[in-house]
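Asks: Take this sequence and fold it.
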Amino acid sequence: MTNNAPAIMICGHGSRDKGAVDEFNRLAGRLKAQFPGTDIESGFLEFATPVIRDGLEKLKAHGAKKIVCVPAMLFAAGHVKNDLPSEVNTYAHDNPELDLIYAADLGIDARLLQAARARIEAALEAADGRKEVSREDTLLMVVGRGTNDPDANSNVAKVTRMLWEGIGFGWAETSYSGVAFPLVDAGLDHAARLGYKRIVVFPYFLFTGILVRRIYDWTDAAQERFPGIDFIKAGYLNDHSLLIETFADRVRQALEGDNAMNCQLCKYREQIIGREADQGAPQVGHHHHVQGIGTEDDARDHGLAHVHGHSHSHGHSHVHAHGHDHERTAVPADRRDEEG
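Replies: Numbering: from 1, shown residues only. Okay, the predicted model is just below:
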């Protein structure tokens, strides 16, 4: 790579689940194939290694002068608005000779909807092989990660609506794996009483991990409670080719200067109902206590205790367009989003 060629830093969330880390690394490898000859590194915000700063250090050592930092996350919530900018801005402050560009989140994209449809229809095709149920008699349950940011939560609901209309289900509902309501178990209890013969549970997630396994466990438990309904577990997005295309476009958009997030309903920019106090709040990262501590397999190998949930201590502060999410939640500690 020449010094003038832009490099790419793929910024993952990280997980205590080795399978999730492996899937992220496979996706990073496929994204590298989209940019032959480009210096590309990847790293994690929490739990797994290498951490993001390590990847940036490698790119700098290779002679990079411009680095596009791409968040490998679906929506702009606390990590995309707070924690990743904290990492990028701090590194940029420490290395003023570098030009660091922060790309936009994946967001709602027509290609991601097509990838989601493919995962759902594959699950339906497998289910129809043993028991045929019409689309009109089928309810779709889309499950989002869940966050304290209502804009990100509403994006999941929008995905639900577009898949509902696009595929032609009889009904659709939205639930969340943590932080936001309804949680999956409550959502499935409600959905089961609406009279549909089949419920398809689709985790709108990039990778596997603790939360996806929890969603599937909740689905199995609902099947036991409601044996007359056919519950189907659809696959998550993973490394679908259309997802790779969307990632690649975010890199190109960042290099062209078209990488602005949609802040119209951002609670840090506008007074959003129920979140008025968050407008203009100071922005700081909150992930440092779990940065680079490794996966559950690492913990077992080294005899370390597991980390459960996030503490509310904060790291360094810095200036950015968004504020800090104060982690207000009424969700019990054992149902908070351990992976972010």
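Asks: Do a quick rundown of the strands in the stretch 51-200 of the chain.
Replies: Secondary structure of the stretch 51-200 of the chain (DSSP state E, counting those that start in this stretch): strands at 66-71, 99-102, 138-144, 171-176, 198-203.
Asks: How about the contacts made by the residue nearest to R30 when sequence neighbours are not counted?
Replies: Distances taken as Cβ to Cβ, 6 or more residues apart in numbering put I244 closest to R30, at 5.1 Å, once the chain neighbours are dropped. From N, CA and C alone the C-beta is placed, and that goes for glycine too. Contacts for I244 (Cβ atoms under 8 Å, 6 or more residues apart in numbering) come out as L27, R30, L31, Q34.
Asks: in the helix or strand hosting the second one, what's buried?
Replies: Which is R30. Element membership of R30, judged by DSSP states H and E, is helix 18-34. Buried residues in helix 18-34, defined by neighbour count with 16 or more other Cβ atoms under 10 Å: K18, A20, V21, E23, F24, L27, A28, L31, K32, Q34.
Asks: what's downstream of that helix, the next helix or strand?
Replies: Of the helices and strands lying after helix 18-34 in sequence (DSSP H and E), the nearest is strand 40-44.
Asks: Now find how far off-centre that following strand is within its chain.
Replies: 16 Å (Cα atoms, centre = their mean, to the nearest Å).
Asks: Report all helices and strands that that strand contacts.
Replies: Judged by 3 or more Cβ pairs under 8 Å, 6 or more residues apart in numbering; DSSP states H and E, the packing partners of strand 40-44 are strand 7-12, helix 18-34, helix 52-61.
Asks: mind listing the helices in the stretch 151-300 of the chain by residue range?
Replies: 184-192, 210-225, 241-256, 296-302 (DSSP state H, counting those that start in this stretch).
Asks: I'd like the average pLDDT over the second one.
Replies: Taken as a whole, helix 210-225 has an average pLDDT of 97.
Asks: which secondary structure elements does it contact?
Replies: By 3+ Cβ pairs under 8 Å, 6+ apart, helix 210-225 packs against helix 184-192, strand 198-203, strand 230-233.
Asks: Break this structure into its domains for me.
Replies: Structural domains annotated on the chain: 7-107+240-335, 110-233, as defined by automatic domain parsing.
Asks: Check those domains for me: which has the lowest mean pLDDT.
Replies: Checking each of the domains of the chain, the one with the poorest mean pLDDT is domain 7-107+240-335, at a mean of 75.
Asks: ok, the residue lying closest to A103 once chain neighbours are set aside - contacts?
Replies: Closest residue in space to A103, ignoring its immediate chain neighbours: A254 at 3.9 Å, by Cβ to Cβ, 6+ apart. Each residue near A254 by Cβ under 8 Å, 6+ apart is listed here: V68, V70, I101, Y102, A103, A104.
Asks: how much space is there between A254 and C69?
Replies: Here A254 is placed at a distance of 8 Å from C69 (Cβ to Cβ, to the nearest Å).
Asks: What of V200?
Replies: 35 Å.
Asks: V51 now?
Replies: 13 Å.
Asks: For those two, indicate the residue with more neighbours.
Replies: Neighbours per residue, other Cβ atoms under 10 Å: of V51 and C69, the larger number sits with C69, 26 against 20.
Asks: Could you measure from the more buried one over to D105?
Replies: Remark: distance between C69 and D105 (Cβ to Cβ) = 12 Å.
Asks: cool, V201 as well?
Replies: Counting by Cβ to Cβ, the separation of V201 from D105 is 24 Å.
Asks: cool, R250 as well?
Replies: Applying Cβ to Cβ, the value for R250 to D105 is 8 Å.
Asks: list the contacts for the residue nearest to D109 when sequence neighbours are not counted?
Replies: Leaving aside its chain neighbours, D109 sits nearest to T246 (5.1 Å; criterion: Cβ to Cβ, 6+ apart). Residues near T246 by Cβ under 8 Å, 6+ apart: L106, D109, R111, L112.
Asks: Quick one: neighbours of L100, just the number.
Replies: When neighbours are defined as other Cβ under 10 Å, L100 has 19 of them.
Asks: correction: D105
Replies: Each residue near D105 was counted by other Cβ under 10 Å, and the total is 23.
Asks: Can you pull the phi/psi pair for it?
Replies: Phi and psi for D105, reported as degrees, to the nearest 10, are phi -70, psi 170.
Asks: and it, how far is that from R193?
Replies: D105 is 35 Å from R193, by Cβ to Cβ.
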